[in-house]
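> this one's structure only:
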């Protein structure tokens, strides 16, 4: 399953790049993220609670950053185990480009699921993944452009 | 744990059950009324249909605690000795083979007939097939179930 | 005789099912019962690097967490395939090992790696979630064609290229020569979609080990409890046969999927011994999709040739059969001897060649599902016949008729010798019932409403009454396929019939009773059928392959012969008459032409008191028979499907479905019609709705009723069911069998009808509205381009 999107962020490319590499920012933006610990510059471990269709699970997994091209692009790759709920893995190629004072973030993501999530929720995965990606990048934009009444969920 | 009390097949029952106990688990495992069956985990097959306060309900979709105070009828309680007219109609029209979906079919059918009669609507073959959307049978191909419900409806009217 | 052969006797078994008093395996509760929950792989292919059960073991109520190393360590044997197929080159099958609990590797999503035994099902399931399995994920493959490519992962070390076997039947060179000389050739790619059997009762097992007697009891959802005991004992070494009782009580449908002895039954028996508790496991529906053997999944290419008079000269077929991750019990026989031997259809074909590559994939094992090989053969033959008729511009009805086998016995080039049949009469009857003559007018009328109307035919033949033991033995079967019966006349004259057949919806308690009632003129309420318990019934091979009538009832028939003979001897002795003058009528045993008689019960009593028996006769009145059939039986028929398609949406309505079947002797027409209805429903399900879907990583995406489209009441029509019988010469009752016909004959009729309606022959099963709509669009785009 493939997803892509583009966001305009009212912040400089350098600032966006820094945030993309900041565990705390990422933790705040990943929907359902309960924990994100950085073990090196490019490796993190995460705990994320997700609900896909009838399956609700807490995923434990690793996130790594690859193909680093600061401050222009990287790939973020992750996999998580959700116990009997199954597993999810996926990645996104993220590119930044300058547009005046603002930065355009574009991404192409792919995701795979297995186990119970695939068996029971497959028809919902495309829409759920699109929603989660949208939420993440919206949260991310909002984190860089603080607004009143922000909610993270 | 939750304390629940309800009437099942005319008998008052009371129990302490874990909060997440489904009505069908309570009926099968606690009351040992095993005529109500479980054929799926997604509220699709209808093998578990019982009547709760006179309405057909998939008992796998309801917590036992939600039925607190309710009047529940299962397949074992549908007839006063002998067979209910709908049960007779299923037998006479060969509306069952392996028997696993049958209790749910009977409970859905009697509810269906009562609703249509109360509304003064005609229970046509199309209506029966539409109403059976939530009950899956793998043996009969439904042909004889539809015939049985048509026959059962007239038997219930004349009973 | 209102309750004898041919009577529409209402079913004896119905009352308990209608009252909710059926007794299915999950209804059984043993004292001291614990529950099993399996830890299953979420990965389609992975190495098992380690299992950490410590957290699970510490949880409330957990009795034990057991794994595959312990299971194999206790000497529990690998799961077997009961039919050895010989490859083209003379070698045996490349069969990979299958342990009930995986040890080093998992090969499909759902493969069990451990089991948790706990006091409650809730505790067992929670603990199963807490078992940590360290997997090293491997690439996986779900489709047979992909599994045969060079870069496909190898699933079993001893099956290079994932080929389980490469098998052939018929003669290649003459077939090629016949096709080379043909005036007309039709070629097709034909896929038979993967199905999940879905009996409404999920599989279940309750195993109890008695340590004082070193004895095991297993309640299980089985179509063949004696076969289960034999295999559990002889091959899996769970317990010796005399220390193992297998009971299959009321079973809620099987359709083939409850023939096999699965990892769960083996594990529950073993776990009961390990924990000294009764162990119950009941599948949930998603678990059923992941573990019940699937059916079909063939990818074939076929080529048929005709001479200038439209007579068939040859048929050549190649089939890739997806076997799944392991070889299930009859998995090798289904795409070979149950499939390619039926490729002659109802037709006179001098030359047939078929080769089959059976392929391992990372999917649920594939085995017999209602029809088992024969639906795949029928679909192929009847699709290519219809297509050839269209390509040659001749009537599909006439093309079939011209090629019918008309004299019997008829030896096909693919083993089978058809013993009887009248294909033209069944076709005539079906055409008449379907008002074929009025079809064009109906098509025109439908067109005036903007609907596309089409008609499709299917002339099926199947081999049932499985099967002559020596014949199947010579083809590789590991068992004989006879059946046994015991008829016990009690001292009061009531009768118990113990049969090795098993009823899981087929109504044996009624039909079997009818042949006893017919024989002795006794009321059916005096007769009881006993089945499904290895402690009660002597032995049996069970129910599958439409064999309970032709084989199971023949065994009863033979045992009744023996009872009748003894009754006559006793009566002749007591009444001081000649044995030849004794007749049994209306429950009385009489001396013909006199008023001397004994009541049936008096003969029973005489047999058991033994006060006045012929010299040397043993007391008692109980006879046994083991009946081995002399040939397969060949039910056949003609199915006609008429559809209306909405070209705007692709939504297809079956407006008429007609069946005309030759089942030989029919004992109870009501029950036979019910079998046909159910079979057709499953066939329509395959043709229009059902499909097991795997993604590219071999994850199963259709593992619940939210995604697997089970046929529901408003998807299906009423069926117009007819019979035109010829007697089967191979068994004493003249029966052919009716259990699978509907599922075999209907799919090609449906697809032939839809493709006729939409004018595009390129349509695969299941023909969902979306697919039909796309085919209509493709046809009109092609038309526009031309």
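Received it, and whenever you're ready, just let me know what you need. Worth saying up front: this structure is predicted, and the values here are computed from it rather than measured.
> Any idea how far the lengthiest strand in chain A is from the middle of the chain?
Criterion DSSP state E: the longest strand present in chain A is strand A:55-69. Relative to its parent chain, strand A:55-69 has a centroid offset of 8 Å by Cα atoms, centre = their mean, to the nearest Å.
> Tell me how far whichever residue of chain B sits closest to chain C lies from residue C:219.
Here chain B gets closest to chain C at one residue, residue B:35, 1.8 Å apart by Cβ to the nearest Cβ. Placement of C-beta: from N, CA and C, glycine included. To residue C:219, residue B:35 is 18 Å away according to Cβ to Cβ, to the nearest Å.
> of those two, who's got more company?
residue C:219 (29 against 26; other Cβ atoms under 10 Å in any protein chain shown).
> surely that one meets residue C:205?
Yes: at 6.9 Å, residue C:219 counts as touching residue C:205 under the criterion of Cβ atoms under 8 Å.
> Need the overlap of contacts for those two.
Common neighbours of residue C:219 and residue C:205 (criterion: Cβ atoms under 8 Å, 6 or more residues apart in numbering or on different chains): residue C:25.
> What strand or helix carries residue C:572?
For residue C:572, the host element (DSSP states H and E) is helix C:554-575.
> Kindly report the residues of chain B close to chain A.
residue B:42 (Cβ under 8 Å from any Cβ of the partner chain).
> longest helix in chain B, by residue count?
Under DSSP state H, the helix in chain B containing the largest number of residues is helix B:102-119.
> With chain A instead?
Assigned via DSSP H, chain A shows its longest helix as helix A:116-144.
> Show me what that helix packs onto, helices and strands only.
Judged by 3 or more Cβ pairs under 8 Å, 6 or more residues apart in numbering or on different chains; DSSP states H and E, helix A:116-144 is in contact with strand A:2-9, helix A:13-20, helix A:23-29, strand A:43-52, strand A:55-69, strand A:87-99, strand A:102-114, helix C:285-291.
> Need the winner for burial among those.
Most buried of the helices and strands packed on helix A:116-144, by mean neighbour count (mean count of other Cβ atoms under 10 Å in any protein chain shown): helix C:285-291, with a mean of 23.
> sorry, back to before: next structured bit after the longest strand of chain A?
strand A:73-81.
> Quick check: closest non-adjacent residue to residue 4.
Unless you meant another one, I'm taking chain A. Once flanking residues are discounted, residue A:4 sits nearest to residue A:108: 4.5 Å by Cβ to Cβ, 6 or more residues apart in numbering or on different chains.
> You answered for a different chain; I wanted chain C.
residue C:518 (3.3 Å).
> between the stretch of helix or strand the one you found belongs to and helix C:554-575, what angle do the directions make?
Secondary-structure assignment from DSSP H and E places residue C:518 in helix C:508-520. Angle, helix C:508-520 to helix C:554-575, by axes from the mean of the first three to the mean of the last three Cα atoms, to 10 degrees: 40 degrees.
> Next one: the most centrally placed residue in chain B relative to residue B:141, how far apart?
Nearest to the mean C-alpha position of chain B, by Cα atoms, centre = their mean, lies residue B:107 at 2.6 Å. Using Cβ to Cβ, one obtains 21 Å as the distance from residue B:107 to residue B:141.
> What of residue C:768?
Distance, residue C:768 to residue B:141, using Cβ to Cβ: 20 Å.
> Can you give me the buried ones in the lowest-mean-pLDDT helix or strand in chain C?
Sorted by mean pLDDT, DSSP states H and E, the helices and strands of chain C end with helix C:469-474, the least confident at a mean of 92. Residues C:469, C:471-472 are the ones in helix C:469-474 that count as buried (16 or more other Cβ atoms under 10 Å in any protein chain shown).
> need the residues you listed in JSON lines with distance to chain A, can you?
Output for these, formatted as JSON lines (distance: Cβ to the nearest Cβ, whole Å):
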{"residue": "C:469", "distance to chain A": "41"}
{"residue": "C:471", "distance to chain A": "41"}
{"residue": "C:472", "distance to chain A": "37"}
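> how distant is stretch C:672-684 from the center of its chain?
Offset of stretch C:672-684 from its chain centre (Cα atoms, centre = their mean): 13 Å.
> Show me the contact partners of that stretch.
For stretch C:672-684, the surrounding residues in contact (Cβ under 8 Å, 6+ apart) are B:94, B:97, B:138-144, C:255, C:370-371, C:375, C:506-507, C:639, C:654, C:657, C:659, C:661, C:663, C:666, C:711, C:715-716, C:719, C:721, C:723, C:738-747, C:750.
> Among those, which ones are in strands?
Per DSSP E, strands hold the following members of the contacts of stretch C:672-684: C:639, C:654, C:657, C:659, C:661, C:721, C:723.
> Enumerate every residue touching the residue in chain B positioned nearest to chain A.
Nearest residue of chain B to chain A: residue B:42, at 7.2 Å (Cβ to the nearest Cβ). Contact analysis of residue B:42 by Cβ under 8 Å, 6+ apart lists A:54, A:120, C:285, C:704-706.
> Now rank these by neighbours and give me the top one.
Of the contacts of residue B:42, with other Cβ under 10 Å as the count, residue A:120 tops at 25 neighbours.
> and it, how far is that from residue B:28?
For residue A:120, the distance to residue B:28 - Cβ to Cβ - is 23 Å.
> how does chain B divide up, domain by domain?
Annotated domains of chain B cover B:2-77, B:85-158 [automatic domain parsing].
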